[in-house]
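*Asks:* 3D model of this:
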Amino acid sequence: MKLQFLLMFVALLVPAGFGRGVRVEFDPTRPEVGPFPSDFLTTADARQRSGRRMNLPLPDCKALPSDCAEITAINQLDGFNPFARLSVKFSAAINPQTLRDGVFYVWLDPVLPGRFSLGPVGLATAINQVVYDPATNTAYAKPDDMLEHSRRYLVVVTDAVRDRAGDAVEADEGFTLCLAKQLGGEYCQQLADGLNRVASTLGSRGVVGASIYTALSASAWYEQVLPVVNQTPVGFTRTGATSILSMANVQGLTVRQQTATAGNAQFTDVPLPVTAALIAQFGVGSVAFGSFKSPRFIGQTLSIPTIPTLTAPATAETEEVFFHVWLPKTPMPPRGYPVLIAGHGITDSRFGMPTIMAAANGAGYAVVAMNMVGHGSGPKSTVRFTRSDGSVVEFPAPGRGFDLDSNGTIDAGEGCFVTSPGAPYGLRDCSRQTVVDYLQLIHGIRVGIDLDGDGRFDLDPSTITYFGQSLGGAIGAMLTSVSPDINAAVLNVPPGAGVDFRLSQSFRTAFGVPLLGFRQPVLLNKSATDWEDDLPLRYQPAKMRTTPGSGAIQDFYERLEWLEGVSSPNVLAPHMKQATLPGQPIKRVLFQMAIGDRTVANPSTTALIRSANMVNQTSVYRFDIAKTIDPTLPENPHTYLIPLGSTTSTVVGLATLQQGLTFLGASTTFVPDVNPFVRPILGKDLFETPAVLPEQ
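*Replies:* As a prediction, this is how the structure comes out:
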């Protein structure tokens with residue numbers, strides 16, 4: 001007998017005068033009633049780590065085709081969003097400002113025993129970002145801190161929640177019978193047992209509503225991928241007419257980008273962001289070009305198929321991935337040069353930010369760079385080096401972008417971002433495949449790479465570090481979390497979640513309009529290019545859901561984050577320090593962020609930092625102070641790592657590079673203080689390690 005039928009039967013038996021107060025409604029078979037999330041909406045599946053698979057009810061697929069497709073995709077996952085939004089429906093109006101006192105998450109058992117865990121059974125996590133819908137008397141909220149994937153949780157509602165008159169809310173009759181194990185079968189048995197297990201946490205609180213659920217397994221795919229990578233031949237090949245090029249007589253550097261698919265204007269010549277003279281000052285001795293074969297999991301639709309979490313992913317082919325290495329002037333150590341992998345940002349390429357990172361040659365690092373999936377323009381791209389005698393040496397530098405929209409042009413980053421209706425994966429799978437490519441590159445370094453053909457391996461596999469900017473920082477967080485070989489990393493202005501595009505002034509329209517506007521029904525509720533989601537920031541008061549259409553947008557955000565949860569920087573970040581994967585060491589990581597970043601909003605980066613539990617390993621650039629020193633600074637400090645432009649920009653960029661390289665070369669987690677370098681020139685301290693992260 002279905003639980004919903006039993007609850008209807010109970011309602012008929014309850015006397016008319018019973019429980020006249022506001023109730024926490026209880027029907028775990030219906031997501032709109034809940035409390036939600038609930039394992040009642042899953043089904044048994046022995047192929048999954050969690051032992052279960054999502055089984056959400058589908059909406060009217062004719063009226064809501066995109067919602068239907070998104071929920072169908074979610075139903076392939078083995079649990080709920082690790083950062084799950086809860087919902088609680090009440091029988092009448094309540095005081096939403098009391099929700100934070102009376103609703104919380106309680107931690108139960110990990111799905112995989114014997115691993116490092118983020119918290120004990122019985123740990124209570126408060127709610128935040130509270131939304132109340134007065135039309136349905138439903139409350140929504142997110143956890144105050146990142147929860148742990150592959151774990152069970154309770155959503156608990158207590159009588160600290162008050163109605164409009166100040167009276168405590170009451171339990172639904174169905175919930176009371178569920179706890180008495182008189183209905184609901186296995187689900188109510190587990191719910192009652194779970195509440196009994198955490199009785200000491202609950203204390204004297206009156207529990208008037210609850211649900212039990214399981215968070216999906218986020219690291220499973222990567223743990224299955226690592227053996228595949230290690231069994232895939234690297235296939236290293238030196239590329240170009242010469243295996244290696246000395247920079248001694250180079251006067252100019254130009255990337256010939258393929259930006260169109262046909263015609264006489266296929267190529268756009270772009271000078272590298274630094275001059276040959278500046279590269280020489282960095283301590284660069286030479287540059288080498290090569291390629292390797294990487295297992296390809298991403299398909300032509302730019303998505304990676306969802307498979308059961310106990311299943312190894314299959315790959316039918318490999319992709320030749322091209323890379324280059326900036327090598328120091330200094331003699332090579334016996335084991336090869338220590339390695340710094342430079343990860344560029346979205347719409348950038350391996351010749352942008354990674355060329356700035358050639359400054360690490362001065363510290364003895366070999367700087368390795370490759371294009372992320374969908375980046376670097378078209379496959380016919382090359383790079384040209386002009387010598388002082390006028391001769392030109394050209395190397396193939398195939399990009400990984402392509403004409404996704406078939407309009408004849410290859411735009412920067414085209415071939416990475418997925419906005420297909422019903423499959424709103426965003427940057428999820430191009431980021432996942434890029435992490436795989438980095439893992440295979442590292443595999444090649446471990447096996448041994450001879451860049452110049454002299455019979456010696458040039459890169460030291462025992463010292464592999466990472467420095468990434470923006471999207472490169474987010475991918476670096478994922479890579480550092482799952483790779484056993486990354487010793488240390490610097491993550492500059494990294495975003496934490498794809499859904500945070502809603503906070504970005506730079507990408508809100510570019511990402512949001514396709515995601516919300518290309519689906520059916522369209523979710524843009526203000527104009528053809530704008531929307532209002534009625535969502536508060538962290539620690540803001542509970543917000544009333546009043547804008548028509550904002551509820552559907554919030555539901556879409558949750559599905560988007562849920563689908564991203566299998567490969568989210570936020571979800572994987574605890575594996576860097578608190579809960580490392582089996583056999584992996586704690587990673588040293590430095591986070592760098594700027595006050596007032598308009599591309600990656602501060603709350604996006606701070607969510608990632610909190611997930612990693614690395615507040616004390618964070619450097620904040622006080623752009624607000626720098627702007628008072630130099631009003632000519634650009635309004636967006638997102639690229640403050642790059643030491644180009646005014647004196648202030650140059651000093652700040654050099655200080656940021658110095659800070660990162662000093663951290664990578666150290667053996668501690670202390671944030672290097674670069675204010676002694678900045679202060680004599682600019683007159684103020686511009687870098688700090690905050691006691692409290694900026695959330696504005």
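
*Asks:* Please give the number of neighbouring residues around residue 521.
*Replies:* 11 (other CB atoms under 10 Å). Bear in mind the C-beta positions are built from the backbone N, C-alpha and C, glycine included.

*Asks:* What separation is there between it and residue 419?
*Replies:* According to CB to CB, to the nearest Å, residue 521 and residue 419 sit 15 Å apart.

*Asks:* How about residue 172?
*Replies:* Separation of residue 172 from residue 419 (CB to CB): 40 Å.

*Asks:* okay, the two: which has more neighbours?
*Replies:* Under the neighbour definition other CB under 10 Å, residue 172 and residue 419 were set side by side, and residue 172 has more, 25 against 19.

*Asks:* And the strands in the stretch 551-696 of the chain, which stretches?
*Replies:* Using DSSP state E, counting those that start in this stretch, the strands of the stretch 551-696 of the chain run over 588-594, 618-621, 687-688.

*Asks:* winner for burial among those?
*Replies:* Using mean count of other CB atoms under 10 Å, the stretch among the strands of the stretch 551-696 of the chain with the greatest mean number of neighbours is strand 588-594 (a mean of 26).

*Asks:* could you give the mean pLDDT of it?
*Replies:* Across strand 588-594, pLDDT averages out at 98.

*Asks:* Then stretch 122-135?
*Replies:* Averaged across stretch 122-135, the pLDDT comes to 97.

*Asks:* Need the CA coordinates for that stretch. PDB is fine.
*Replies:* What follows is stretch 122-135, C-alpha atoms only, in PDB (Å, rounded to 0.1, in the frame of the first residue of the first chain):
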ATOM      1  CA  GLY A 122      24.900  13.600  15.100                       C
ATOM      2  CA  LEU A 123      26.600  16.700  13.800                       C
ATOM      3  CA  ALA A 124      23.900  19.500  13.300                       C
ATOM      4  CA  THR A 125      24.300  21.900  10.400                       C
ATOM      5  CA  ALA A 126      22.200  25.100  10.400                       C
ATOM      6  CA  ILE A 127      20.400  26.400   7.400                       C
ATOM      7  CA  ASN A 128      21.100  29.500   5.300                       C
ATOM      8  CA  GLN A 129      19.800  31.300   2.300                       C
ATOM      9  CA  VAL A 130      16.300  30.800   3.500                       C
ATOM     10  CA  VAL A 131      13.400  31.500   1.100                       C
ATOM     11  CA  TYR A 132       9.700  31.400   2.000                       C
ATOM     12  CA  ASP A 133       6.800  31.100  -0.400                       C
ATOM     13  CA  PRO A 134       3.700  32.600   1.100                       C
ATOM     14  CA  ALA A 135       1.500  31.200  -1.700                       C
END
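
*Asks:* contacting residues around it?
*Replies:* Applying CB atoms under 8 Å, 6 or more residues apart in numbering, the contact partners of stretch 122-135 are 86, 93-94, 96, 99-100, 103-107, 138-145, 147, 156, 197-198, 200-201, 534-546, 551, 554.

*Asks:* Excluding residues flanking it in the chain, which one is nearest residue 608?
*Replies:* residue 496 (3.4 Å; CB to CB, 6 or more residues apart in numbering).

*Asks:* Give me the distance between that neighbour and residue 434.
*Replies:* 17 Å.

*Asks:* go on, residue 45?
*Replies:* Residue 45 is 29 Å from residue 434, by CB to CB.

*Asks:* Skipping its backbone neighbours, what lies nearest residue 227 in space?
*Replies:* Per CB to CB, 6+ apart, closest to residue 227 is residue 312, 7.2 Å.

*Asks:* Does that neighbour belong to a helix, a strand or coil?
*Replies:* Three-state assignment for residue 312 (DSSP: H, G, I helix; E, B strand; the rest coil): coil.

*Asks:* doesn't residue 229 make contact with it?
*Replies:* No: taking contacts as CB atoms under 8 Å, residue 312 lies outside contact range of residue 229: 11.3 Å.

*Asks:* thought residue 239 was touching residue 289?
*Replies:* Yes: taking CB under 8 Å as the definition, residue 239 is a contact partner of residue 289 at 4.8 Å.

*Asks:* if you count what's nearby, which of these two comes out ahead?
*Replies:* Taking neighbours as other CB under 10 Å, residue 239 and residue 289 compare with residue 289 leading, 22 against 17.

*Asks:* Tell me where the model's unsure across the stretch 451-600 of the chain.
*Replies:* Applying pLDDT under 70 to the stretch 451-600 of the chain flags no residue at all.

*Asks:* Point out where the stretch 151-300 of the chain drops to low pLDDT.
*Replies:* In the stretch 151-300 of the chain, residues with pLDDT under 70: 264.
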